[in-house]
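# sequence unavailable; structure follows:
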């Protein structure tokens, strides 16, 4: 692919990335101001994205995400190895505890819930499927960061140091690294009300045939239902689930390797 083609693809992608939870609809004028594109360039991209079903608009209204997103999500649910292999582990957790169990994938510098189950009548969750979570707060992000290579971990710590300090992980990058070493040794992370007030998160990493984590499996449960012994028991179970799921993903990958 030529440099020009790569640049065009990145600029096209940037149009999709302006859509966030805070801004679900954009007019062309607002996009031009946000992206700095000329009118002809923007309209060319909008035409391409609308024809592909990735964007849609009604007369005299702004653009929103289109139906192709829903179609892709349907295909993702059917094809994602993490979701397909992880579902039984989620079911097992919610069958034993009054909790919500989640599978959270890590990509770039984001973590995103891709699947969940709940045995709670009115589950409390600040981050349902599809809503990005903060990497620097909560057990899920910690369970992933603790297993990252140092060359990847240190820049992330420095970038999110304010949050790390706020939740008591340490006042310096070195202190945070020591806290994460303890998580790594335990094999799972625990956080008390850092993401959702009153909820304890217990999470362990998931690997895909490599040494770096790709996801986390997590049990979130009301703090009123657990004590230290129960949290440790859930932690051991979550760690085992993460290990078995990692093995299943690695086996699946080897089966598809020529």
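Yep, that arrived. Given the structure is predicted, the values throughout are model-derived calculations rather than measurements.

# how many neighbouring residues does residue 221 have?
The local packing count at residue 221 equals 22, with neighbours defined by other C-beta atoms under 10 Å. Any C-beta I mention is one placed from the backbone N, CA and C, and that applies to glycine too.

# against residue 187, how distant is the nearest residue to it once chain neighbours are set aside?
Leaving aside its sequence neighbours, residue 221 sits nearest to residue 99 (C-beta to C-beta, 6 or more residues apart in numbering; 4.0 Å). Here the distance between residue 99 and residue 187 works out to 19 Å (C-beta to C-beta, to the nearest Å).

# which one's more surrounded, the two?
For residue 99 and residue 187, the more surrounded residue by other C-beta under 10 Å is residue 99, and the numbers stand at 24 against 18.

# on that earlier part again, so who does the residue nearest to residue 221 touch?
Residue 99 sits next to 93, 118, 119, 120, 219, 220, 221 when contact means C-beta atoms under 8 Å, 6 or more residues apart in numbering.

# nearest spatial neighbour of residue 148, chain-adjacent residues omitted?
By the measure of C-beta to C-beta, 6+ apart, the closest residue to residue 148 outside its immediate chain neighbours is residue 212, 6.3 Å from it.

# that neighbour: neighbouring residues, count only.
13.

# which residues touch it?
Listed by C-beta under 8 Å, 6+ apart, the contact set of residue 212 reads 147, 148, 149, 152.

# pretty sure the first one is touching residue 216, no?
When you say that, I think you mean residue 147. No: if you go by C-beta atoms under 8 Å, residue 147 and residue 216 don't touch, sitting 9.7 Å apart.

# list residues touching both of the two?
Going by C-beta under 8 Å, 6+ apart, residues that sit against residue 147 and also against residue 216 are residue 205.

# for the chain, what spans make up the strands?
In the chain, the strands defined using DSSP state E lie at 55-57, 63-65, 100-107, 110-118, 132-133, 189-192, 199-207, 213-222.

# JSON lines please, covering those strands and showing distance to residue 77 and mean pLDDT.
Written out in JSON lines, the entries for those read as follows (distance: least, C-beta to C-beta, whole Å; pLDDT from 0 to 100):
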{"stretch": "strand 55-57", "distance to residue 77": "22", "mean pLDDT": "95"}
{"stretch": "strand 63-65", "distance to residue 77": "17", "mean pLDDT": "96"}
{"stretch": "strand 100-107", "distance to residue 77": "12", "mean pLDDT": "92"}
{"stretch": "strand 110-118", "distance to residue 77": "8", "mean pLDDT": "90"}
{"stretch": "strand 132-133", "distance to residue 77": "18", "mean pLDDT": "82"}
{"stretch": "strand 189-192", "distance to residue 77": "27", "mean pLDDT": "94"}
{"stretch": "strand 199-207", "distance to residue 77": "18", "mean pLDDT": "95"}
{"stretch": "strand 213-222", "distance to residue 77": "15", "mean pLDDT": "94"}
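
# looking at those, which is closest to residue 228?
Between residue 228 and these, the tightest spacing by C-beta to C-beta is seen for strand 189-192, at 9.7 Å.

# parallel or antiparallel, list what pairs with that closest one.
Here strand 189-192 has these sheet partners by DSSP bridges: strand 199-207 (antiparallel).

# for the chain, which segments count as helices?
Secondary structure of the chain, counting by DSSP state H: helices at 3-17, 28-35, 39-51, 67-79, 81-96, 138-145, 150-159, 161-166, 173-186, 228-255.
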